[in-house]
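In: fold the following, please.
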Amino acid sequence: MSRNDVETTDWAAFDRFADALPELYPALHAVLERERHGHALLYRWPGTGEGDGAPTVLMGHYDVVPATDEGWTHPPFAAELTGSGDGRLLWGRGTLDDKGAVVAILEAVEALVAEGFAPASDVYLSFGHDEETVGSGAQALVAVLRDRGVRPGFVLDEGGAVVERIFPGVTKPIAVVGVSEKGITSVRLTVEQHGGHASTPPKTTATVRLARAITRVNAKPFPARLSETNLRMVETLGAHATGPLRAVFVRARRLQPLLRAVFARISDETRAIVRTTTAVTQLRGSLAANALPETAEAVVNVRIAVGSSVAETLEHLRRAIRDPQVRIEAVDPSEPSPVSPSTGPEWDRLAGAIAAVHPRAIVTPYIMLGASDSRHYTAIAEAVYRFTPFEMSAEERGTLHARDERIHVATWLRGIRFYERLLRAS
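Out: Down below sits the predicted model:
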């Protein structure tokens, strides 16, 4: 499990995972070169030299968010199998995010090596160990590749999946491929003033001033925008839609004001697609029930829309709060990622692998709402995609970072076939 407090992390568990891989995947480890950079793992599969020379990078992370047994149907770290046939399930933290994908990659490479296959160009496997916290492992691996002059032609990390009924009027499965991702930062709001006894409070305490700042932020949402990627997604899916909204979707470019309003009302997810979002996630005040706080603090998790920036976000918050006594500062800011191409050979290679395993799925680009390790690879690669090759129902997506995370075994096996198909095209 990743923890923000690295002193409390059980690093021995990470070592056990890394040490078990050579025994579990002997063919892979006989051919691929492996390096450990801290706890991050980097593999190189030498190409035959028959390709264009631009390496492929398949990414994943093997850390998971914390979990306790409380409330789980099956213990989160027991990896229990239940059911039979197509209903067989594997339960456990990380089955979807993201050990399931990491192990699917390893299974695909093991099978290909065992049959004697070798890629035309080099293939790298990049497995981070702290994606759920700071992503230092992926940053370290990117630095290694940059120092060696490696410029990947294709990078694939976790991200979108094969989903259903997330877009109005579309009944077919949808393979959503992240071509970019929102920026992310924690914005700390701090109010400092004289404390004292709670029996004689001033008219405006630090907590009242902070609460007013929070309500002002909530009352002034960021403007809705439709990026080029958003428009292409709507056009792609709109062509398969039925019902009254189809006429709007297929005319997305001409009806942008109406479309922005529609997206702002359909769901929390569609609302997040078209604007920068804020969510207050942490609050801190006095250490005693009868003492006025000398410092009141809130942490606002901000996901910054593509086309905006950290600086623009902070300026919007300053204008919304309108109070110089509230200090506003960005913590660990990360700008929105560059947009990868959704046409051309790299996109076609990815779309072809998806179609081979999920022939009914509509493949569309989208802007990933979360943050992943892939953002670090944009420093050395232009074609960086975010797609996990698993079907995920709405209920299953709801288990990400929550209780009862699980995956259908049949889904996981199809994920292995996807990676095999993708690697054969490397």
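
In: can you map out the helices along the stretch 301-426 of the chain?
Out: Using DSSP state H, counting those that start in this stretch, the helices assigned to the stretch 301-426 of the chain run over residues 310-321, 345-357, 374-377, 394-397, 409-424.

In: out of these, which is closest to P119?
Out: When the helices of the stretch 301-426 of the chain are compared by CB to CB, helix 409-424 sits nearest P119, at 6.3 Å. In this view, the C-beta of every residue, glycine as well, is placed from N, C-alpha and C.

In: C-alpha coordinates for the closest one, PDB please?
Out: Provided in PDB are the C-alpha atoms of helix 409-424 (Å, rounded to 0.1, in the frame of the first residue of the first chain):
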ATOM      1  CA  VAL A 409     -11.500 -13.500 -14.600                       C
ATOM      2  CA  ALA A 410     -12.800 -13.500 -18.200                       C
ATOM      3  CA  THR A 411     -12.300  -9.800 -18.300                       C
ATOM      4  CA  TRP A 412      -8.700 -10.100 -17.100                       C
ATOM      5  CA  LEU A 413      -8.000 -12.800 -19.700                       C
ATOM      6  CA  ARG A 414      -9.300 -10.600 -22.500                       C
ATOM      7  CA  GLY A 415      -6.900  -7.900 -21.200                       C
ATOM      8  CA  ILE A 416      -4.000 -10.300 -21.600                       C
ATOM      9  CA  ARG A 417      -5.100 -10.900 -25.200                       C
ATOM     10  CA  PHE A 418      -5.200  -7.100 -25.800                       C
ATOM     11  CA  TYR A 419      -1.600  -6.700 -24.700                       C
ATOM     12  CA  GLU A 420      -0.500  -9.600 -26.800                       C
ATOM     13  CA  ARG A 421      -2.200  -8.100 -29.900                       C
ATOM     14  CA  LEU A 422      -0.700  -4.700 -29.200                       C
ATOM     15  CA  LEU A 423       2.800  -6.100 -28.700                       C
ATOM     16  CA  ARG A 424       2.700  -8.100 -31.900                       C
END
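
In: now do L156, the pLDDT please.
Out: At L156, the model reports a pLDDT of 98.

In: to clarify, my last question referred to E7.
Out: pLDDT, E7: 69.

In: rewinding a little: so which of the helices of the stretch 301-426 of the chain is nearest G116?
Out: Nearest of these (CB to CB): helix 409-424, 12.5 Å.

In: what comes up buried for that closest one?
Out: Across helix 409-424, burial judged by 16 or more other CB atoms under 10 Å covers 409, 411-412, 414-423.

In: hmm, A27 is touching A114, no?
Out: Yes: contact status for A27 versus A114: in contact at 4.5 Å, counting by CB atoms under 8 Å.

In: sorry, back to before: using JSON lines, lay out the buried residues of helix 409-424 together with pLDDT and distance to D98.
Out: Converted to JSON lines, the buried residues of helix 409-424 look like this (pLDDT from 0 to 100; distance: CB to CB, whole Å):
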{"residue": "V409", "pLDDT": "97", "distance to D98": "17"}
{"residue": "T411", "pLDDT": "97", "distance to D98": "14"}
{"residue": "W412", "pLDDT": "98", "distance to D98": "13"}
{"residue": "R414", "pLDDT": "98", "distance to D98": "17"}
{"residue": "G415", "pLDDT": "98", "distance to D98": "11"}
{"residue": "I416", "pLDDT": "98", "distance to D98": "15"}
{"residue": "R417", "pLDDT": "98", "distance to D98": "18"}
{"residue": "F418", "pLDDT": "98", "distance to D98": "15"}
{"residue": "Y419", "pLDDT": "98", "distance to D98": "13"}
{"residue": "E420", "pLDDT": "98", "distance to D98": "19"}
{"residue": "R421", "pLDDT": "98", "distance to D98": "20"}
{"residue": "L422", "pLDDT": "98", "distance to D98": "17"}
{"residue": "L423", "pLDDT": "98", "distance to D98": "18"}
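
In: any chance of these in JSON lines, plus distance to D86?
Out: As requested, the buried residues of helix 409-424 are exported to JSON lines (distance: CB to CB, whole Å):
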{"residue": "V409", "distance to D86": "9"}
{"residue": "T411", "distance to D86": "9"}
{"residue": "W412", "distance to D86": "12"}
{"residue": "R414", "distance to D86": "11"}
{"residue": "G415", "distance to D86": "15"}
{"residue": "I416", "distance to D86": "16"}
{"residue": "R417", "distance to D86": "15"}
{"residue": "F418", "distance to D86": "18"}
{"residue": "Y419", "distance to D86": "21"}
{"residue": "E420", "distance to D86": "21"}
{"residue": "R421", "distance to D86": "21"}
{"residue": "L422", "distance to D86": "24"}
{"residue": "L423", "distance to D86": "26"}
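
In: sorry, back to before: weakest of the helices of the stretch 301-426 of the chain by average pLDDT?
Out: Lowest mean pLDDT within the helices of the stretch 301-426 of the chain: helix 394-397, a mean of 91.

In: got the contact list for the nearest residue to T242 once chain neighbours are set aside?
Out: Leaving aside its chain neighbours, T242 sits nearest to G169 (4.9 Å; criterion: CB to CB, 6 or more residues apart in numbering). Listed by CB atoms under 8 Å, 6 or more residues apart in numbering, the contact partners of G169 are A241, T242, G243, L245, R246, F249.

In: now S342
Out: Contact partners of S342, counting by CB under 8 Å, 6+ apart, are V177, V179, T229, R232, P365.

In: kindly report the same for A108.
Out: Contacts of A108 by CB under 8 Å, 6+ apart are I416, R417, Y419, E420, L423.

In: from these, pick the one nearest A120.
Out: Lowest distance from A120 to the contacts of A108 (CB to CB) belongs to L423, with 10.3 Å.

In: correct me, but that closest one touches L112?
Out: Yes: here L423 reaches L112: they are 5.9 Å apart, a contact under CB under 8 Å.

In: would you check that A104 makes contact with R414?
Out: No: the pair A104 and R414 fails to qualify as a contact (CB under 8 Å) at a distance of 9.2 Å.

In: so what sits against both of the two?
Out: Common neighbours of A104 and R414, counting by CB under 8 Å, 6+ apart, are P389.

In: give me the below-cutoff pLDDT ranges for the protein.
Out: The model of the chain has pLDDT under 70 over residues 1-7.

In: any idea how far the residue nearest to T242 lies from R246?
Out: For G169, the distance to R246 (CB to CB, to the nearest Å) stands at 6 Å.

In: all good on my end, thank you.
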